[in-house]
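**Student:** From the sequence below, what's the structure:
(2 chains)
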Amino acid sequence: MSKSSTPQLSNSLLLRRQLQELTKRPVEGFSAGLVDDDNLYEWEVMVIGPPDTLYEGGILKARLSFPPEYPLQPPKMRFVTPMWHPNIYPNGDVCISILHAPGEDQYGYEDASERWLPVHTVETILISVISLLSSDTPNTDSPANVDAAKEVRNDLAGYKKKVRRLVRQSAEAAWD
Amino acid sequence: MSDSAQASSEIQINIKGPNELKLQISISTDKTVLELKQAIAAKSDVEADRQRLIYSGRVLKDEDLLSVYKIQSSHTIHMVKGAARSGSSSAQPSATPPTLPAMQAGQNPHDPLTQLNSHLGFGALAGLNPFADMGLNPNDPNMMQSMMSSPEFLQQMSSVMSNPAVLDQVIASNPQLAAMGPQVREIFQSERFRQMLANPELLRSMLQMSAALHGTGGGGVPFGNFGGSGSSAQTSFPAPGTPSTETTPPSATSTGQQQQRRQQQSPFNMFGGTPQSPSANIGSSPFFNPALMQQILAGGMGGGSLGAGIPSTPMDTRPPEERFQTQLQQLQEMGFTNASQNVRALLATGGNVQAAIEYILSGGGL
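**Tutor:** Below you'll find the predicted structure:
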């Protein structure tokens, strides 16, 4: 591979390296690969529901889309598996601080250090997401899914039931 | 998708399953996923129809040939145990079966590692991530060293460092760097510094110094200084200008300081040169500046008084009590009441309150 400092090339190197590592020595809790072998910027991810949580037994499918500016700009993560969580938009987009572009303070309360940094990798993103799913009571401040947040506050049992059902469905869907 | 790959070949696959289950299976790529599952079932107590195999972000389908998924030898497949396919899902409406996947440390919500890894714990571990994509364990010094000699890694580092936007982020995310003011940018952008970063020898000694500073744990964090805002940055930055032992009088110092002295070749010494002339003088020892020498000796510490906090005032000849008035007051307010120890700590750390506190707490300056 020729040495070039164009961002395009260096970020594809960065992504390819991450992909190789994750394929060879996958990290506990998720599995990642390319949607299409020729496109390093679209990844598909299977999150294995963390044990001892509502998501235990679930197999959650998601997509990671890297912008051409990666690693200066964060990728987007979207769950394909239907999710019911205050920090996940109804369309599946994951709303966690480390996936928010640096600089803009869209949400008003985040520190620059909590937002995206070029040192983040697929692994650190997924670990953050798994930890998001692992927390007992989701954070309902500035929710991405207002209805889910309301339910967490007003009817936690109902919320949990709903999540459980989706998790079971995700495990069923994994057969097809 | 075609399975026209090469002729079938025998491959070795690692299976990572629930409860830390690990298996190695030899199988030919012209076998189906179902056959692989049966092979796994023979070696474990998980029946084939309860296994879900996940590789490269996909759930493997029973009827597909392994070659379809381009699995290669020595690659790892996740195995998740679930309800059998035919099992009526409505029969057990609420609880999931008790024997579901267990993961290792780091994923359990009650595991302290998880908290470190979470976005809230960012800075504790996330700062180390330049290495994560290489699959290296940042706490293993040997891995670090082998990585340091990888040209690809070095090239990556250098291209990252040459991007001003990255620099801005790095500097902004690290209070210590931010406090150093505009010189930091110059240092980072200077050819010398980048060469330094690209010099495996220097990086290695930096690594060693960092390991020494951290005792046994956390060996691989020299880059915490660049990437994160964790405590590592504070411990390895306070005395960048530590001068050489031969010329400084021995004094009662903490072990940390002695370790720093032993690392005379450390690249951090180079920072010592910046206050006088940031761009031209990087790399020259602070020793050749008499005023600085005087200042250092006056402090009686032998420790670099050119800490991160005062790069712009190396010639300040006011007494330390006056120079560090605000810092001293802060230390007082925080309950550090030994005035002379405070002064010595500030002298040793160049007026950096954070570093001075660590210095005092580790028993320095008494």
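
**Student:** Run through who's touching stretch A:159-176.
**Tutor:** Stretch A:159-176 is contacted by residues A:49, A:54-61, A:81-85, A:148, A:151-152, B:52, B:59, B:82-83, B:85, B:89, B:94, B:96 when judged by Cβ atoms under 8 Å, 6 or more residues apart in numbering or on different chains. Where C-beta positions appear, they are placed from N, C-alpha and C, glycine not excepted.

**Student:** Please read off the pLDDT at the residue in chain B positioned nearest to chain A from the model.
**Tutor:** Shortest chain B-to-chain A distance, computed as Cβ to the nearest Cβ: residue-wise this is B:Ser56, at 2.8 Å. For B:Ser56, the model assigns a pLDDT of 87.

**Student:** now B:Gly364
**Tutor:** As predicted, B:Gly364 sits at a pLDDT of 74.

**Student:** The contacts of stretch A:159-176 in strands, which ones?
**Tutor:** Judged by DSSP state E, the subset of the contacts of stretch A:159-176 located in strands is A:Ile59, A:Leu60, A:Lys61, B:Arg52, B:Val59.

**Student:** Including neighbour count and pLDDT, could those residues go into CSV?
**Tutor:** Putting the ones in strands among the contacts of stretch A:159-176 into CSV (neighbours: other Cβ atoms under 10 Å in any protein chain shown; pLDDT from 0 to 100) gives the following:
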residue, neighbour count, pLDDT
A:Ile59, 25, 91
A:Leu60, 25, 93
A:Lys61, 20, 93
B:Arg52, 20, 87
B:Val59, 19, 88
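
**Student:** ok, so of those, who is nearest B:Val343?
**Tutor:** Taking Cβ to Cβ as the measure, A:Leu60 is the one of those closest to B:Val343, at 57.2 Å.

**Student:** how about the helices in chain A?
**Tutor:** Using DSSP state H, the helices assigned to chain A run over residues A:7-24, A:122-134, A:146-154, A:156-173.

**Student:** Give me whichever of those helices is most buried.
**Tutor:** helix A:122-134 (a mean of 24; mean count of other Cβ atoms under 10 Å in any protein chain shown).

**Student:** what's the neighbour count on the closest residue to A:Leu14 other than its chain neighbours?
**Tutor:** Nearest residue to A:Leu14 in three dimensions, chain neighbours excluded: A:Pro71, at 6.2 Å (Cβ to Cβ, 6 or more residues apart in numbering or on different chains). For A:Pro71, the tally of surrounding residues (other Cβ atoms under 10 Å in any protein chain shown) stands at 24.

**Student:** cool, B:Glu322 as well?
**Tutor:** By the criterion of other Cβ under 10 Å, B:Glu322 has 9 neighbours.

**Student:** ok, now the one 10 residues further on?
**Tutor:** By the measure other Cβ under 10 Å, the count of residues near B:Gln332 is 13.

**Student:** what separates it from B:Asn342, distance-wise?
**Tutor:** The span separating B:Gln332 from B:Asn342 equals 7 Å under the rule Cβ to Cβ, to the nearest Å.

**Student:** One more: A:Glu21?
**Tutor:** Counting by Cβ to Cβ, the separation of A:Glu21 from B:Asn342 is 47 Å.

**Student:** likewise A:Leu132?
**Tutor:** Going from A:Leu132 to B:Asn342 by Cβ to Cβ gives 43 Å.

**Student:** Just the pLDDT for the nearest residue to A:Leu54 once chain neighbours are set aside.
**Tutor:** Sequence neighbours aside, A:Val163 is the residue nearest to A:Leu54 in space, at 4.7 Å (criterion: Cβ to Cβ, 6+ apart). In this prediction, A:Val163 carries a pLDDT score of 94.

**Student:** is chain B contacted by stretch A:134-151?
**Tutor:** Yes: part of stretch A:134-151 sits close enough to chain B to count as contact by Cβ under 8 Å from any Cβ of the partner chain, namely A:Ser134, A:Ser135, A:Asp136.

**Student:** mind checking how far the last one is from A:Pro50?
**Tutor:** From A:Asp136 across to A:Pro50, the span is 12 Å (Cβ to Cβ).

**Student:** And those two? Which one has more around it.
**Tutor:** For the pair A:Asp136 and A:Pro50, the greater number of neighbours falls to A:Pro50 (25 against 10), based on other Cβ under 10 Å.

**Student:** Dihedrals phi and psi, that one?
**Tutor:** The main-chain torsion angles of A:Pro50 are listed as degrees, to the nearest 10 and equal phi -60, psi 140.

**Student:** Got the confidence number for the spatially closest residue to it that is not a sequence neighbour?
**Tutor:** Setting aside the residues directly before and after it, A:Pro50 is nearest to A:Ser134 in space (Cβ to Cβ, 6+ apart), at 4.8 Å. Predicted confidence (pLDDT) at A:Ser134: the value is 90.

**Student:** give me the residue from chain A nearest chain B.
**Tutor:** Among all residues of chain A, A:Gly33 sits closest to chain B, at 2.8 Å; criterion: Cβ to the nearest Cβ.

**Student:** Neighbours of that residue, how many?
**Tutor:** Other residues lying near A:Gly33 total 20 when counted by other Cβ under 10 Å.

**Student:** Quickly list what it is bridged to.
**Tutor:** With DSSP bridges applied, A:Gly33 shows beta-bridge pairing to A:Glu44.

**Student:** Quick one: residues contacting it.
**Tutor:** Contact analysis of A:Gly33 by Cβ under 8 Å, 6+ apart lists A:Leu19, A:Leu22, A:Thr23, A:Trp43, A:Glu44, B:Tyr55, B:Ser56, B:Gly57, B:Arg58.

**Student:** at 10 Å what do you get?
**Tutor:** A:19, A:22-23, A:26, A:43-46, B:54-58, B:69-70 (Cβ atoms under 10 Å, 6 or more residues apart in numbering or on different chains).

**Student:** What sits closest to B:Leu23 if chain neighbours are left out?
**Tutor:** Across the structure, with Cβ to Cβ, 6+ apart as the measure, the residue nearest B:Leu23 apart from its sequence neighbours is B:Ile15 (4.1 Å).

**Student:** That neighbour falls within a strand, correct?
**Tutor:** Yes: remark: B:Ile15 belongs to a strand, assigned using DSSP: H, G, I helix; E, B strand; the rest coil.

**Student:** pretty sure B:Ile360 belongs to a strand, no?
**Tutor:** No: counting by three-state DSSP, B:Ile360 is located in no strand; its state is helix.

**Student:** Check what pLDDT it gets.
**Tutor:** Listed pLDDT for B:Ile360 reads 83.

**Student:** Low-confidence stretches in chain A?
**Tutor:** The model of chain A has pLDDT under 70 over residues A:1-9, A:103-113, A:175-176.

**Student:** one more time with 80, if that's ok
**Tutor:** Applying pLDDT under 80 to the predicted model, the residue ranges of chain A that meet it are A:1-10, A:102-114, A:174-176.

**Student:** Just the C-alphas of stretch B:27-43, formatted as CSV.
**Tutor:** Extracted in CSV, the C-alpha atoms of stretch B:27-43 (Å, rounded to 0.1, in the frame of the first residue of the first chain):
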residue,chain,number,x,y,z
ILE,B,27,-13.3,-28.1,10.0
SER,B,28,-13.3,-28.0,6.3
THR,B,29,-14.8,-24.9,4.7
ASP,B,30,-17.1,-26.9,2.5
LYS,B,31,-19.0,-28.0,5.5
THR,B,32,-22.2,-26.3,6.5
VAL,B,33,-22.8,-24.1,9.5
LEU,B,34,-25.1,-26.9,10.9
GLU,B,35,-22.2,-29.3,10.7
LEU,B,36,-20.0,-26.9,12.5
LYS,B,37,-22.7,-26.6,15.2
GLN,B,38,-22.8,-30.3,15.6
ALA,B,39,-19.0,-30.4,16.0
ILE,B,40,-19.4,-27.7,18.7
ALA,B,41,-22.1,-29.7,20.4
ALA,B,42,-19.8,-32.7,20.5
LYS,B,43,-17.3,-30.8,22.4
